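Chemist: when you get a sec, could you give me coordinates for this:
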Amino acid sequence: MCKKRLAAALLALLMFVVGACGGGDGNSSSLGDSSSSTDSYRDEESSRPEESAEVSQEESREESCVAEETPSTEQTGNLNPLTGLADLSDEAVGKRPVAIVINNIKDSLPQYGIAGADIMFEMVAEAGITRLLAIWGDYTQIPNVCSVRSSRPYFVDLAAGFDALYVHVGGSQAGLDRIEELGLDNFDGRYTDPDIFDRDPQRLDVYAYEHTMYVKGANIPAQMEAYGMRTELGEAYQGPAFVWNSPDHPVSNTEEACEKITLHFSKEYYSTFTYNAADRLYYKEHSGEPHMVQDTGTQLAFTNVLVLESEITSIDGYRMSIGTGGGTGYYISNGVLQEIRWYKDSPYDRIRITDEDENEIALNAGKTYIGVVEYDAETFG
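Modeler: So this is what the prediction gives:
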């Protein structure tokens with residue numbers, strides 16, 4: 001990677017060297033309004049605000065050199081609004097995503113069917129135990145997913161912000177009331193429609209009953225039609241979920257290296273991410289052990305890790321209240337960390353990520369993990 005902040009005495013030599021790297025075409029990781037060939041990617045040709053002629057030219061050329069290090073692969077196919085990648089099936093274009101509440105208690109591991117989720121939230125559900133909300137942008141590519149668990153109001157708010165179908169098995173009273181309040185389309189496993197839900201017979205012999213429910217992902221599109229649910233995305237959700245950098249040009253927004261980070265949800269539940277520079281992914285551990293997926297035999301891995309800090313309080317010493325309206329946090333990707341602010345003005349709004357000056361940040365294209373922690377949580381321990 002071309003290094004910044006070289007001594008002024010070497011500036012002339014640096015200009016000559018980086019000029020040979022990519023010709024200084026003006027590519028930059030500066031933050032501003034998003035645009036692309038399909039209004040989905042950060043405009044590679046857009047100019048950045050003037051700082052000084054020398055610094056602007058030097059940084060632009062340096063970032064062009066970084067981009068040269070990533071092999072160019074032509075983006076063909078349909079853009080997945082949840083990843084910025086062209087991997088959406090024709091049948092899923094313009095269709096609603098699906099959000100599934102996933103069991104994450106240690107006694108229920110390993111899960112299966114979750115490796116293909118595009119966005120994965122992790123939050124405390126009760127007694128310090130976390131739960132996942134896994135979201136797929138392509139509702140035709142969801143396998144059987146196990147084990148599905150109960151709703152919480154903050155999961156409902158997050159699903160609504162993507163205009164997603166919400167899949168769960170019962171819930172806290174507040175979690176069920178929130179579904180009704182927002183009018184969110186949902187499949188509830190309490191009613192055990194055999195075309196949608198079932199108990200895994202192999203798990204019934206080994207796991208507690210509440211850890212055995214799975215959803216038949218391949219049946220979801222047909223069952224949405226059968227139940228008269230809207231399958232088309234609402235008009236406000238037609239664009240990308242986040243601003244995306246081009247897949248060919250992953251960006252490092254800062255120089256603050258971050259090769260490993262741990263999110264502490266409680267004493268017993270914490271998630272660690274370790275960076276692999278070879279594939280630019282962060283590999284997830286569940287409370288000190290690799291977070292493996294049963295059906296694929298793979299470890300969960302993500303291009304982006306978002307740490308969202310929020311107000312988290314206990315309702316009854318067991319269940320939690322978690323704010324979803326915004327706060328501070330961190331964006332970790334491509335081996336570096338950036339301090340951020342996040343906003344979600346209403347349950348129906350998407351999450352917006354900005355830098356500390358409130359300029360919207362473009363994320364690197366790929367899968368994203370989002371962990372919601374307390375403001376005073378030990379994040380880097």
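
Chemist: now for residue 223: which residues touch it?
Modeler: The contact partners of residue 223, by Cβ atoms under 8 Å, 6 or more residues apart in numbering, come to 187, 193, 195-196. Just so you know, the C-beta spots here come from the backbone N, C-alpha and C atoms, and that holds for glycine as well.

Chemist: so it belongs to a helix, correct?
Modeler: Yes. Assessed by DSSP: H, G, I helix; E, B strand; the rest coil, residue 223 belongs to a helix.

Chemist: mind checking pLDDT for it?
Modeler: Per-residue confidence at residue 223 stands at 97 (pLDDT).

Chemist: again with the one 4 residues further on
Modeler: Taken from the predicted model, the pLDDT recorded for residue 227 is 96.

Chemist: measure how buried it is and give me the count.
Modeler: 11 (other Cβ atoms under 10 Å).

Chemist: which residues does it contact?
Modeler: Residue 227 neighbours (Cβ under 8 Å, 6+ apart): none.

Chemist: residue 149 and residue 205, how far apart?
Modeler: Here residue 149 is placed at a distance of 20 Å from residue 205 (Cβ to Cβ, to the nearest Å).

Chemist: compare neighbour counts for the two and give me the winner.
Modeler: residue 149 (24 against 8).

Chemist: how much space separates that one from residue 206?
Modeler: For residue 149, the distance to residue 206 - Cβ to Cβ - is 17 Å.

Chemist: report the buried members of the contacts of residue 223.
Modeler: Buried members of the contacts of residue 223, scored by 16 or more other Cβ atoms under 10 Å, are 187, 196.

Chemist: out of the contacts of residue 223, which sit inside strands?
Modeler: residue 187 (DSSP state E).

Chemist: just the helices from the chain, written as ranges.
Modeler: 11-22, 53-68, 153-160, 173-182, 201-204, 220-226 (DSSP state H).

Chemist: and the fifth one, what's buried?
Modeler: Right, the one you point to is helix 201-204. residue 203.

Chemist: and that helix, average pLDDT?
Modeler: Helix 201-204 comes out at a mean pLDDT of 97.

Chemist: now do that helix: everything it contacts.
Modeler: 146-147, 211-212.

Chemist: now compare those residues and name the two farthest from each other.
Modeler: For these, the maximum inter-member distance is 8.4 Å, found between 146 and 211 (Cβ to Cβ).

Chemist: those two: which is more packed in?
Modeler: The neighbour count for residue 146 versus residue 211, taken as other Cβ under 10 Å, is higher for residue 146 (25 against 21).

Chemist: returning to what we had before: just the contacts of helix 201-204 now: which is nearest residue 263?
Modeler: The closest of the contacts of helix 201-204, once distances to residue 263 are taken by Cβ to Cβ, is residue 147, at 22.2 Å.

Chemist: ok, back up a step: need the contacts of helix 201-204 in CSV (columns: pLDDT and distance to residue 280).
Modeler: Shown next, in CSV, are the contacts of helix 201-204 (pLDDT from 0 to 100; distance: Cβ to Cβ, whole Å):
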residue, pLDDT, distance to residue 280
146, 98, 30
147, 97, 31
211, 98, 34
212, 98, 36
